[in-house]
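1. give me a 3D structure for the following:
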Amino acid sequence: MPLDSETQGMIDNLLSSNRVVLFMKGTPQQPQCGFSAKTTAALTMLIPDFFSVNVLEHPQLREGIKVHSNWPTIPQLYINGELIGGNDIVQDMLNNGELADALGVEKPAATQPTITISDDGIAALKNAVASQPDGVLHLQVNASWTHQLSLDASRDGDIHVHVGGIDIHMDPWTAARADGLNMILEEDLTGTRFIFDNPNAPPAVKPMTVQDLKARLDAGGDVVLIDVRSDEERSAGSIPGSRPWNDETRIFVESLPKDVEIISCCQAGGRSQALADALRQRGHTDLYNVTGGIAAWNEAFGAS
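-> Next up, the predicted model:
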């Protein structure tokens, strides 16, 4: 059955406007099926973000994309407007390196990382492994520098690291990101968790007071200051020299070297922190978020 023009137009627009599109059940943060979760994990291993469509919220697109692609199942991955396939194909391409080629990501050189684990962390991991004798311990560090430990079956091509009597299995991408990693077991009122101190991860976003920001602006020179508020909010007043967060600014930021200082602001600091975190995941290393945002600026210096 042919697609109606409205649905076809929506699909064409999504594929032409976004280089990588995943039609999935749920969201990358909360997948609603195992296949969508595995496909998301494969993508985030290589790239920090991509555009996703939750077909559970869009029945029109759920059925329409199947007709468009002549592919009967979800998830479906598209790169540069071309159908790659579903989860099985994505996993095969991840393992043989073709997914990295399709995404334009450089493959990591084979490396044997050095990892350290606190003594109590070693003991906890030994207990976990002993409780599931059919599984092996896996470490994953994805392109967003999220660290995850799991017990699962051994996989071909994994790199093995022996630490304190424990074998840690990891894919080559993780191995390249994990050299020098220190894993520390931390206990608080909610239980225990590992803290991953990774020297390879981009530096954390730093806070900047409005007083420090004004001093930077008064000193002159190039300052990349991004205001993530809407045009309507900005029309009521903004910090002089700030840029709106729009397509033009996105392209400008993508053209900058990764070590250029970028300052983000919003009304109170929450939305700008989210933008700064997203830029950090994309490899930017000198990021600041204005504490208190425009509200703090207006209180200190008056509305602009």
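2. tell me the contacts of residue 25?
-> Residue 25 sits next to 31, 32, 33, 36, 54, 55, 56, 74, 75 when contact means CB atoms under 8 Å, 6 or more residues apart in numbering. Yep, even glycine has a C-beta here, placed from its N, CA and C like the rest.
3. what's the second one sitting at in phi/psi?
-> It stands for residue 32. The phi/psi pair for residue 32 (degrees, to the nearest 10) reads phi -110, psi 10.
4. next step: the contacts of residue 25 restricted to helices.
-> residue 36 (DSSP state H).
5. going through the contacts of residue 25, which ones are buried?
-> With neighbours counted by 16 or more other CB atoms under 10 Å, these contain buried members at 31, 36, 54, 55, 74, 75.
6. do you know the pLDDT at the third one?
-> I take that to be residue 54. For residue 54, the pLDDT comes out at 95.
7. all strands of the stretch 201-304 of the chain, in order?
-> For the stretch 201-304 of the chain, the strands defined by DSSP state E, counting those that start in this stretch occupy 206-208, 224-227, 243-244, 262-265, 287-290.
8. would you mind finding the most buried of these?
-> strand 262-265 (a mean of 26; mean count of other CB atoms under 10 Å).
9. each with direction, which strands does that one pair with?
-> Paired strands of strand 262-265, with direction, are strand 224-227 (parallel), strand 287-290 (parallel) (DSSP bridges).
10. for that strand, list the C-alpha coordinates in CSV.
-> Output of strand 262-265 as CSV, limited to C-alpha atoms (Å, rounded to 0.1, in the frame of the first residue of the first chain):
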residue,chain,number,x,y,z
ILE,A,262,32.5,28.3,25.2
ILE,A,263,30.2,29.9,27.8
SER,A,264,26.5,28.9,28.0
CYS,A,265,23.7,30.8,29.8
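11. model confidence over that strand, on average?
-> 97.
12. show which residues not belonging to it make contact with it.
-> 208, 213, 216, 223-228, 239, 242, 253, 256, 272-273, 275-276, 279, 284, 286-290, 293-294, 297.
13. so where do the helices sit in the stretch 151-300 of the chain?
-> Residue ranges of the helices in the stretch 151-300 of the chain, as given by DSSP state H, counting those that start in this stretch, are 172-178, 210-218, 231-235, 247-255, 270-281, 293-301.
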